[in-house]
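Chemist: sequence and predicted structure are below.
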Amino acid sequence: MLKRLYDWTMAKAASKNSESWLAAISFAESSFFPIPPDLLMVPMVLANRANAWRIATICTLASVVGGIAGYMIGFFLYETIGQWVIEVYHLEARFDELRHTFVEYGAEILIIKGMTPIPYKLLTITAGVAHLSLWVFIGASILSRAMRFYLVAALLYWFGAPIREFIEKRLTLVTSAFAVALIGGFLAVKLL
């Protein structure tokens, strides 16, 4: 099933409606869809690197709006839809662990983990269940998703096709290194 979804996603990246598909997939991935928007974003940016920032903006905005939908699922519909989404992706263990720390560190979790390729839907639904402030959720989501998608766009813009293989093989490493650098910067500012 995942192979068919992957093939379908790649076909959409080459279509004339690719930006609409990118927005739809970015939205859906934040609340229930299994395929990350990177699979459309990477070939779209490589096809026309001048559109890298536009494509990153589409991913960011659609992902945040989709994240709000995921938040609402967690806040209002966890017992029905939210629990089903968590179970479909076998995220129960991660959800239970995350739910307990989300109450105290919700914004920090969203900023750090929202940049990584872990299922963002897990974060959005958990934020809703934990009743994290909607405004804090939106702010942290904008920050984390923008950093993630603009980082990918920047690497593709500056390095082109050779970086594609590197990103696809080491996306977790790239985003984790960026998160560590960002946190280190915050700590340095705070301590100085």
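Modeler: Yep, that arrived.

Chemist: count the residues that sit near the closest residue to residue 14 other than its chain neighbours.
Modeler: Spatial nearest neighbour of residue 14, chain neighbours left out: residue 43 (7.1 Å); criterion: CB to CB, 6 or more residues apart in numbering. Heads up, the C-betas are built off the backbone N, CA and C, glycines and all. Using other CB atoms under 10 Å, residue 43 has 17 other residues around it.

Chemist: what is the neighbour count of residue 105?
Modeler: With neighbours defined by other CB under 10 Å, the count for residue 105 comes to 13.

Chemist: quick one: contacts of the host helix or strand of it?
Modeler: Residue 105 belongs to helix 92-113 when assigned by DSSP states H and E. The contact list for helix 92-113 (CB atoms under 8 Å, 6 or more residues apart in numbering) reads 86, 122-123, 125-127, 129-130, 132, 136-137, 139-141, 143-144, 179, 183.

Chemist: just give me how far that helix sits from the chain centre.
Modeler: From the chain centre to the centre of helix 92-113 is a distance of 15 Å (CA atoms, centre = their mean, to the nearest Å).

Chemist: cool, stretch 158-166 as well?
Modeler: That offset, for stretch 158-166, works out to 20 Å (CA atoms, centre = their mean).

Chemist: quick one: average pLDDT of that stretch?
Modeler: On average, the pLDDT along stretch 158-166 is 76.
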